[in-house]
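# Structure here, sequence nowhere to be found:
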């Protein structure tokens, strides 16, 4: 470009620069769209993991996460994250409120990309507290997270003025914290908020028996779980490679980032499949899908600075971390995290920060962060005395992010609980949020939402079931919405057809049968 200007071809140089700018803008817009598309993945995954009677509820809450997040990030969130008036300060941003003075230095495509990240942090929480949380609570925490809690952590780590930022002119310990795409910033913030919310709201009715043992409450659709996971995996190609924030001169970095992202996800899925095959003797689809997500989260911090072989290791270890944390939270802490959000996002987010500090190579760090001939890099590669700085910064980041989120979100959830704005009444939870709050089931024509057990008695005058006279047998009476049900012996097929008019409410059945809920 400079040579063209010396040759009197300044207009050509200007055209080249404009083309590069437009290419970078388009790169960021496409990446932002992919990251926002992850909202669809979260919605499908959560819908599959809840019971059918709560499908509408969780889908609406995922929509509102994005909506409340957009307003929170537009009004004050982006300002707290990236405002650097007067050079900024290390703790919090101070300009761009309501996008004022926005066009002077910031870009709209940059805002959109960062908003998509903020919405991701907020929606992580929704699955953990599903099936028993009030709608008002979702709106409140989504706004609080995207307007203040999350943006402050963004400023620390990604703003050039942030005290923990690797982009600071004088970074902490000479390196700052390596978190290329958000293990700490996005996943730890969202995952820990999810854990705190689930702890305060309490477990779902029937999740633990009187002795405190876990009672399995399976989701209603493995299909939606798989679909959601694949959508999230695709979205991660915007999340991680898109964090280059430009494509001009960074195509190789973006390409390697996409490869490490892929390998870590694959490794995490296979590792979880093996873990649960050995422990339960079954090929567990749900855990395999969560293993892929654990691998994706684990590589997010170091995706641009590690080698492909390291990504395989990081993903496999992430699966182990996920498994341990999920079991610890479920069985020891007795916290009912419906989608294991804290295990996937918080625990694997911590591992991701640590792994980036250990596996970052000198060449990759130089290419991704623009540090010429770096002195400090990954602990497994740097000479003695030059490899611990990144690791220490990662530990500092883990501690301060955990402390920050806990100090704000724990009192926040407790305040909602005290005000009666957190948990739905037991009768609404039992009936299902869709019927209680959203005008009916998401599957009005063909999905069973609950069942009633019917036992026929040998001494009844009709000899047993009024439809087939089978004595001493157990039957299932589904409660249907909008269609006829059927009496069906346990394990028998086909069922006896029953018209809609013959269906009875709980406690009342055909003659000769006693009904227990």
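Yes, it's here. On a predicted model such as this, the values are computed, not experimentally measured, just so you know.

# Can you report phi and psi for residue 247?
phi -110, psi -20 (degrees, to the nearest 10).

# Same question for residue 162.
Main-chain torsions, residue 162, degrees, to the nearest 10: phi -70, psi 140.

# Show me the shaky parts of the stretch 51-200 of the chain.
104 (pLDDT under 70).

# cool, and the chain?
1-5, 10, 104, 445-517.

# and if we set it to 50?
Applying pLDDT under 50 to the chain flags the ranges 446-517.

# most centrally placed residue in it?
Centroid-nearest residue in the chain: residue 124, 3.5 Å away (criterion: CA atoms, centre = their mean).

# OK, contacts around it?
Shown in contact with residue 124 (CB atoms under 8 Å, 6 or more residues apart in numbering): 42, 187, 190-191, 193-194, 341, 345. For the C-beta atoms, the positions are set from N, CA and C on the backbone; glycine is no exception.

# Equivalent analysis for residue 293, please.
229, 232, 265, 268, 344.

# Then residue 351?
Taking CB under 8 Å, 6+ apart as the test, what residue 351 contacts is 298, 314, 317-318, 321.

# would TSV of those with neighbour count, secondary structure and distance to residue 63 be doable?
TSV is the format used below for these (neighbours: other CB atoms under 10 Å; DSSP: H, G, I helix; E, B strand; the rest coil; distance: CB to CB, whole Å):
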residue	neighbour count	secondary structure	distance to residue 63
298	37	helix	28
314	30	helix	33
317	21	helix	35
318	32	helix	29
321	24	helix	31
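
# now, the most widely separated pair of the residues you listed?
314 and 321 (10.1 Å; CB to CB).

# Common neighbours of those two, please.
298, 351.

# rewinding a little: between all of the contacts of residue 124, which two are separated the most?
Between any two of the contacts of residue 124, the greatest separation by CB to CB is 14.3 Å, found for 42 and 193.

# So those two - more neighbours on which side?
Neighbours were counted for residue 42 and for residue 193 using other CB atoms under 10 Å; residue 193 has more, 32 against 25.

# For the more buried one, pull up the helix or strand it's in.
Element membership for residue 193, per DSSP states H and E: helix 189-201.

# Go through the very next helix or strand once past that helix and flag the buried ones.
Next along the chain after helix 189-201, taking DSSP H and E as the criterion, comes helix 222-239. Buried residues in helix 222-239, counting neighbours by 16 or more other CB atoms under 10 Å, are found at 224-229, 231-233, 235-239.

# what helices or strands is helix 222-239 leaning on?
helix 10-49, helix 108-128, helix 251-280, helix 285-299 (3 or more CB pairs under 8 Å, 6 or more residues apart in numbering; DSSP states H and E).

# Just want the angle from the helix holding residue 193 to helix 108-128.
Calculated by axes from the mean of the first three to the mean of the last three CA atoms, to 10 degrees, helix 189-201 forms an angle of 30 degrees with helix 108-128.

# what helices or strands is helix 189-201 leaning on?
Using 3+ CB pairs under 8 Å, 6+ apart as the test, helix 189-201 ends up in contact with helix 108-128, helix 135-144, helix 150-158, helix 341, helix 388-418.

# redo that, cut-off 7 Å
Under the contact criterion of 3 or more CB pairs under 7 Å, 6 or more residues apart in numbering; DSSP states H and E, helix 189-201 touches helix 108-128, helix 388-418.

# Could you pull out the buried residues of the longest one?
Think helix 388-418. 389-391, 393-394, 396-398, 400-402, 404-405, 408-410, 412-413, 416.

# Just after that helix, pick out the following helix or strand.
For helix 388-418, the following helix or strand on the C-terminal side (DSSP H and E) is helix 426-431.

# immediately after that following helix, which helix or strand?
Per DSSP H and E, the first helix or strand lying C-terminal to helix 426-431 is helix 433-437.

# got the contact list for that following helix?
53-57, 131, 135, 424, 428, 440-442 (CB atoms under 7 Å, 6 or more residues apart in numbering).

# do stretch 85-92 as well
80, 94-95, 152, 155, 159, 161-163.

# Could you tell me the end-to-end distance of that stretch?
Terminal residues of stretch 85-92 lie 11 Å apart, using CA to CA, to the nearest Å.

# distance of residue 27 from residue 194?
Look at residue 27 and residue 194: by CB to CB, to the nearest Å, they are 31 Å apart.

# neighbour count winner among the two?
residue 194 (30 against 23).

# My guess is the more buried one contacts residue 343. True?
No: if you go by CB atoms under 7 Å, residue 194 and residue 343 don't touch, sitting 9.7 Å apart.

# So what does residue 240 have for phi and psi?
Residue 240 adopts backbone torsions of phi -90, psi -60, taken as degrees, to the nearest 10.

# That one: neighbour count?
28.

# so who does it touch?
181, 257, 261, 300, 303.

# between those, which is nearest residue 103?
Among these, residue 181 lies closest to residue 103 (CB to CB), at 26.4 Å.

# Tell me the spacing between the nearest residue to the closest one once chain neighbours are set aside and residue 369.
Computed as CB to CB, 6 or more residues apart in numbering, the closest residue to residue 181 that is not its neighbour in sequence is residue 243, at 4.1 Å. From residue 243 over to residue 369 the distance is 11 Å, taken as CB to CB.
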